[in-house]
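*Asks:* have a look at this prediction, sequence included:
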Amino acid sequence: MSQLDPIVNQPFLYVNGLSLLNNATTPNTKLDVLAGQCRDSNNMIDINLGNYLNQGNQALTANSNTTINFGVNGANGLDTGSIAASTFYYIYAVADSSNKNQPAALASTSASAPVLPQGYDSLRVIGVCKTDGSSHILAYYVSGSGSGKYFQWDAPIAVTVTSSGTSATYSAMDLSVGVPASKYSRVSLKYKWTPNAAADALNFTPSGATGDFETILGIVAAVAQEDNFVILPLTVSSVPKVSYKTSAGTLNNVFVQAFEMQL
C-alpha cells in the first residue's frame, strides 16, 4: 500500500439496510430480511447478508432477501424450539468469522444470547417481530436504514388499562404486549378518553417518573376524545411501562401503534 492510499474504516457498530418485511407468500410463519450489511455486536467483523451491493456471497443475486422460516431450526430459522404464541422474537444477522459458513438470519426469544447455529460465532440484533395468539407473525411495517429502526403495527395492539381507567393517582400500564422488553426507545400510543366535564385532565408519564409528561384537557363533557402521542417508557420489573391518571372521566382504551429501537 502506498502512502497515498486511503485507509477506510466502516463506522462503529453501523447498520446499512437489513430492514424486515412480512413474507408475501407465507406471512404467518416466514419473515424476510432485506439485504444489508452491519458490524457484529463486538464491532469485530462485517456481516453482509443477501449479497448487499454485490460485495458478499457472489452465488446470490445482488441485494437478495433472506427468508427466515419459523418452522425450522438453525440458520435462516428459529434458534431453538417451535414458534410460540404471543411472543416477541429478536432477529439477528449471524456470521462465521472464519468465513466457512455463509452469513444468515436467525430468530430467537433471547435479546442477547441466541443459540447460534453450528459453525457461527458472530451476531448482531437487526430487529424484532411478534406472534399473535395463534402463533402467526403479526403484520407490521419497518423503516430506517441505520441502527435506529421504526416499527409500526398494521393493527395497533391494545394495552390493558389498569384501575378501570379511572385512577386519580398514577397507575402503571404494561406495554409489553406491543413493545419489546429490550432495545426499545420511543413509543407511539393512541388513547380514547371520555371526560366527565370540560377541563377535566388526563395525564401520562413514564412509570416511576415524577412529572406529568403528557396532559390532555377535556373539551366537551361526556364526549370521547381520541389522539396519539409519543413517549419514552421506563422499564419496571423488566417490562416497559407508562402510567396514567385522570381528574375525572374514564380512560377507555390505550393502544401501542409503533415503537423505535436502537440496534
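*Replies:* Nice, I can see it. What you are looking at is a predicted structure, and each value in this text was computed from that prediction instead of being measured.

*Asks:* pull the number of nearby residues for residue 49.
*Replies:* 28 (other CB atoms under 10 Å). Using the backbone N, CA and C atoms, a C-beta is placed for each residue, glycine as well.

*Asks:* ok, now residue 145?
*Replies:* Residue 145, neighbours per other CB under 10 Å, totals 13.

*Asks:* quick check on it: phi, psi?
*Replies:* Backbone torsions of residue 145, given as degrees, to the nearest 10, read phi -100, psi 0.

*Asks:* which pLDDT value belongs to it?
*Replies:* Residue 145 is assigned a predicted lDDT (pLDDT) of 81.

*Asks:* for residue 119, list the residues it contacts.
*Replies:* 96, 100-101 (CB atoms under 8 Å, 6 or more residues apart in numbering).

*Asks:* can you give me the neighbour number for residue 155?
*Replies:* What residue 155 shows, counting by other CB under 10 Å, is a neighbour count of 11.

*Asks:* isn't it right up against residue 132?
*Replies:* No: using CB atoms under 8 Å, residue 155 is not in contact with residue 132, being 9.6 Å away.

*Asks:* for the two, list the residues in contact with both.
*Replies:* residue 138.

*Asks:* secondary structure class for residue 252?
*Replies:* strand (DSSP: H, G, I helix; E, B strand; the rest coil).

*Asks:* just the ones of the contacts of residue 119 in helices?
*Replies:* Using DSSP state H, the subset of the contacts of residue 119 located in helices is empty.

*Asks:* which of those residues ranks first by neighbour count?
*Replies:* The member of the contacts of residue 119 that has the most neighbours, counting by other CB under 10 Å, is residue 96 with 20 neighbours.

*Asks:* residues in contact with that residue?
*Replies:* 102-103, 119-122.

*Asks:* distance of it from residue 199?
*Replies:* According to CB to CB, to the nearest Å, residue 96 and residue 199 sit 63 Å apart.

*Asks:* ditto for residue 167
*Replies:* For residue 167, the distance to residue 199 - CB to CB - is 19 Å.

*Asks:* and what of residue 105?
*Replies:* Per CB to CB, residue 105 is found 52 Å from residue 199.

*Asks:* quick check: residue 43 vs residue 124, distance?
*Replies:* Counting by CB to CB - residue 43 and residue 124 are separated by 10 Å.

*Asks:* ranges for the strands of the stretch 151-263 of the chain?
*Replies:* In the stretch 151-263 of the chain, the strands defined using DSSP state E, counting those that start in this stretch lie at 171-174, 184-194, 201-206, 214-217, 225-231, 234-236, 239-246, 250-262.

*Asks:* right, and those - which one's nearest residue 151?
*Replies:* Residue 151 sits nearest to strand 250-262 of all those, at 5.6 Å, using CB to CB.

*Asks:* what's the mean pLDDT across the closest one?
*Replies:* Strand 250-262 carries an average pLDDT of 98.

*Asks:* can you show me the CA trace of that strand as CSV?
*Replies:* Output of strand 250-262 as CSV, limited to C-alpha atoms (Å, rounded to 0.1, in the frame of the first residue of the first chain):
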residue,chain,number,x,y,z
THR,A,250,-62.6,7.3,32.0
LEU,A,251,-59.6,6.2,30.0
ASN,A,252,-61.4,3.8,27.7
ASN,A,253,-58.5,2.4,25.6
VAL,A,254,-54.8,2.6,25.1
PHE,A,255,-53.1,1.1,22.0
VAL,A,256,-49.4,0.7,21.0
GLN,A,257,-49.2,2.0,17.4
ALA,A,258,-45.4,1.9,16.9
PHE,A,259,-42.0,1.9,18.6
GLU,A,260,-38.4,2.7,17.9
MET,A,261,-35.4,0.5,18.5
GLN,A,262,-31.7,1.3,18.8
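
*Asks:* which elements pack onto it?
*Replies:* strand 148-159, strand 184-194 (3 or more CB pairs under 8 Å, 6 or more residues apart in numbering; DSSP states H and E).

*Asks:* next, the angle from that strand to strand 148-159.
*Replies:* When axes from the mean of the first three to the mean of the last three CA atoms, to 10 degrees is applied, the directions of strand 250-262 and strand 148-159 differ by 160 degrees.
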